[in-house]
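In: quick one, what's the 3D model for this:
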Amino acid sequence: QQSSRFISITTTASMTLRTSFLLLLLCNVLIGTTAKTLVELDSGIWDKETQGKSLMIIFCTPWCSHCKDIERTWTLLAEKWNKKDNALIGRVDCEEEKDELCKKYSIVGTPTILYGGDPANFLEYGGDKDFASLDVLAKEVMVPTCGPYNLNACNEKDKESIRTYMAMTIDEIGDMIQGVKDEELNALEKFDLEFAKLQA
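Out: The predicted structure is shown next:
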């Protein structure tokens, strides 16, 4: 009986230890998955992480109560959409990036949500911040956009234009930009002259 009891205790302890190990492993997997899913962005990795992707970025501060309220929703949104190669749901800490990304994108209050396919032309989201509303926005935003790093989303004409521009040197691009500026200036001067004639 003592032997049977000893075996029973040993088996129970072994099962408990194995269960604890599996739970710990599961927790590590879940924590690791969450950490990888919601991308924490800073100026050092911004270009690399955002290049060629459709973006939804929330700018927060650690002391902001509204940021804390939306944190779980934003994490769930990232878990759904960051599985796609062309999509990025990210977060920027404006306490750490106040002189870099948050200054660059003129962030005044937090949380601020910016979205779009090109960081140079971000739009600010002003709607409801529940999961359903943000998911609707994601469905509109997270579509492949044509660009140098996503040619598959371009038509043949745009592909050809992009390849032409990518093959140009910096000096050639500078000359092209200056040429466009000169044309705009000439057109404005011509308009002013014609307008002056009408006023005479």
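
In: tell me the SS of residue 190?
Out: For residue 190, the secondary structure call by DSSP: H, G, I helix; E, B strand; the rest coil comes out as helix.

In: after the least confident helix or strand in the chain by mean pLDDT, which helix or strand is next?
Out: Ranking every helix and strand in the chain by mean pLDDT, DSSP states H and E puts helix 2-37 at the bottom, with a mean of 43. Next along the chain after helix 2-37, taking DSSP states H and E as the criterion, comes strand 39-41.

In: where do the helices sit along the protein?
Out: 2-37, 46-50, 65-81, 101-104, 131-141, 156-167, 170-199 (DSSP state H).

In: the third one versus helix 131-141: what angle between them?
Out: Angle of helix 65-81 versus helix 131-141, following axes from the mean of the first three to the mean of the last three CA atoms, to 10 degrees, is 50 degrees.

In: contacts for helix 65-81?
Out: Applying CB atoms under 8 Å, 6 or more residues apart in numbering, the external contacts of helix 65-81 come out as 33-34, 37-39, 56, 58, 60-61, 87, 89-91, 110-111, 129-131, 134-135, 138, 142. All C-beta spots, glycine's among them, are computed from the backbone N, C-alpha and C.

In: restrict that helix to CA atoms and write it as CSV.
Out: Listed next in CSV are the C-alpha coordinates belonging to helix 65-81 (Å, rounded to 0.1, in the frame of the first residue of the first chain):
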residue,chain,number,x,y,z
SER,A,65,-5.9,57.7,-19.3
HIS,A,66,-7.6,57.5,-22.8
CYS,A,67,-4.5,55.8,-24.1
LYS,A,68,-4.8,53.1,-21.4
ASP,A,69,-8.5,52.8,-22.2
ILE,A,70,-7.8,52.0,-25.9
GLU,A,71,-4.7,49.8,-25.3
ARG,A,72,-6.5,46.5,-25.3
THR,A,73,-8.6,47.4,-28.3
TRP,A,74,-5.5,48.5,-30.3
THR,A,75,-3.7,45.3,-29.4
LEU,A,76,-6.6,43.2,-30.6
LEU,A,77,-6.7,45.2,-33.8
ALA,A,78,-3.0,44.6,-34.3
GLU,A,79,-3.4,40.9,-33.7
LYS,A,80,-6.0,40.7,-36.5
TRP,A,81,-4.3,42.9,-39.1
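
In: okay, the closest residue to residue 153 other than its chain neighbours: pLDDT?
Out: Leaving aside its chain neighbours, residue 153 sits nearest to residue 144 (3.6 Å; criterion: CB to CB, 6 or more residues apart in numbering). Per-residue pLDDT puts residue 144 at 73.

In: what's near enough to touch residue 144?
Out: 54, 86, 150, 152-153.

In: OK, contacts around residue 92?
Out: 40-42, 57-60, 101-102.

In: give the ChimeraX command for selecting the buried subset of those residues.
Out: With 16 or more other CB atoms under 10 Å as the criterion, this ChimeraX line picks the buried residues out of those:
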select :41,57,58,59,60,101,102
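
In: my read is that residue 176 contacts residue 164, right?
Out: No - with contacts counted by CB atoms under 8 Å, residue 176 stays clear of residue 164, the gap being 10.3 Å.
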